[in-house]
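Enquirer: A predicted structure for the sequence below; I have some questions about it.
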Amino acid sequence: MIVNIVLICVIILLMLCSAFASASEMAYFSLRPKDIEALENRNMPTDLLVLKLKESPDRLLSSILITNNLVNVGIVILTSKLMLNLFDFSSKPILAFLVETVLITFILLLFGENIPKIYAANYSLKFVRFAARPLHIIEKLLYPITWLMVKPAKKVTRLEKHNKQAITINDLSQAFEITSDEIREDKEILEGIIKFGDINAASAMTARVDVVAIDDTATYQEIIDLINTNEYSRMPVFHENIDSIRGILYIKDLLSHINEPNFIWQKLIRKAYFVPQTKHINVLLEDFQKNKTHIAIVVDEFGGTAGIITMEDILEEIVGEIDDEYDDNEQLYAKLNDNNYLFEAKILLNDFFRIEGIDKQDFEKIIGEAETLAGLILELQGEIPPQEAEITYKNYHFKIVSADKRRIKSIKLSILPKPESEDEQEYEEE
């Protein structure tokens, strides 16, 4: 009798150990990036121990699996012993088989696997903190065994990686370069997708000088006039200067107050979402989707406003310029004839290089940090060229149509026949 009670207690204890191991496996290997960030920010001893365990995932997983397997074997052996002590199965071998295999397996799966893993998946951050110290001890105790298991596995993995032929981003880019011009549009979209993760907010944003923003002291009528002039659906609102953004005004919020001339429009200002210039647009797109917003204020390293970026700006990096119902009011370029174009200097280089006849590779060595056509001209000249200045680079002839002391406004481009030989570094100013 006492032996059976001891067996039951030990089996329950082992079942708890099995549940702990299963839950630990699920919790540690389902941590999300934001959970890791939370652990790093708290800087508590337990959190640091969790991060230390995560540094060697192979050892951690081996320790958990060895523990779980040993415990499960112990449960099966002791449960079989208990069943033999409590029941006589000598005349009923089929029943013995069902009890000792099917029933024990079901109990193990339910209480040792499924329930613990479901709990750990829902409370992973809480559980990893709870399990950190016991797992650290288990890892130390099982280190010789895990070392013997992990070492050969790593060698096999390295061998497989060495033999595997990986296709890199550069390989794909080079493949697109040799494709036919007949599928130019499809090729540009695929190139946009490939390079999507490398583009930051500064490259896709509307620059500060082109941002139309609202002064928070403006009257309601002034707001209506500004909306009618620019026809944007969302506009940043600033206090005193554009470096002090208060929020975003959604034009649709004004519709129900359109006939109220004395309406206090400032109470409709929504919270602005700020992002650094270096934030990659693939991450920003996820943020837009998560926060259900379509516009962000891009700030520079000093906290000043560098520009704004919208959902449309991000999507245009993949599919090219998107013409909506208002875009006809401001064309960034016009085709004069087969070889001559008139560009707004603020056109992004990504859009500039999509024009037929303009080869991005011709400019690779002189682009530098330029993000717009104006920036490309500055890279060529080293200064703002005067109006009517003409610059020839390879078979591209630029003429500054409009400029002032502070910025280039518009540029005419003539694409000349390609010479038989050319020096990629030289250009002429006339």
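Expert: Cool, got the structure.

Enquirer: Centroid-wise, who is the farthest residue in the chain?
Expert: Distance from the C-alpha centroid of the chain peaks at Ser91, with 64.9 Å (C-alpha atoms, centre = their mean).

Enquirer: Just the element for it, please.
Expert: Per DSSP states H and E, Ser91 falls between elements, in no helix or strand.

Enquirer: Could you report the separation of it from Ser80?
Expert: 18 Å (C-beta to C-beta, to the nearest Å). Where you see a C-beta, it was placed from the backbone N, CA and C, and this is true even at glycine.

Enquirer: quick one, what contacts the nearest residue to Arg406 once chain neighbours are set aside?
Expert: Sequence neighbours aside, Ile384 is the residue nearest to Arg406 in space, at 7.4 Å (criterion: C-beta to C-beta, 6 or more residues apart in numbering). Residues in contact with Ile384, defined by C-beta atoms under 8 Å, 6 or more residues apart in numbering, are Leu378, Ala403, Lys405, Arg406, Arg407, Ile408.

Enquirer: And Ala370, by the same measure?
Expert: Contacts of Ala370 (C-beta under 8 Å, 6+ apart): Leu349, Leu376, Leu378, Glu379.

Enquirer: Report the contact partners of the third one.
Expert: Applying C-beta under 8 Å, 6+ apart to Leu378 gives the contacts Ala370, Ile384, Ile408.

Enquirer: among the residues you listed, which one has the lowest pLDDT?
Expert: Lowest pLDDT of those: Ala370, 80.

Enquirer: how about that one, secondary structure?
Expert: Recorded secondary structure, Ala370: coil (DSSP: H, G, I helix; E, B strand; the rest coil).

Enquirer: what's the answer for Lys335, then?
Expert: Classified using three-state DSSP, Lys335 is strand.

Enquirer: Please name the bridge partners of it.
Expert: As for beta bridges, Lys335 partners with Tyr341 under DSSP bridges.

Enquirer: Then Asp215?
Expert: Phe238.

Enquirer: Determine the number of other residues adjacent to Glu286.
Expert: 11 (other C-beta atoms under 10 Å).

Enquirer: What is the three-state secondary structure of it?
Expert: With three-state DSSP as the basis, Glu286 sits in helix.

Enquirer: ok, now how distant is it from Leu315?
Expert: 13 Å.

Enquirer: And Thr101, by the same measure?
Expert: Taken as C-beta to C-beta, the span from Thr101 to Leu315 is 57 Å.

Enquirer: Ok, Asp359 next?
Expert: Taken as C-beta to C-beta, the span from Asp359 to Leu315 is 25 Å.

Enquirer: Would you confirm that Lys399 belongs to a strand?
Expert: Yes: with three-state DSSP as the criterion, Lys399 is part of a strand.

Enquirer: in which helix or strand would I find the nearest residue to it once chain neighbours are set aside?
Expert: Take Lys399 and drop its neighbours on the chain: the residue closest to it by C-beta to C-beta, 6+ apart is Lys412, 4.3 Å away. For Lys412, the host element (DSSP H and E) is strand 408-415.

Enquirer: Enumerate the positions of that strand that are buried.
Expert: Under the neighbour-count criterion of 16 or more other C-beta atoms under 10 Å, strand 408-415 has Ile408, Ser410, Ile411, Lys412, Leu413, Ser414, Ile415 buried.
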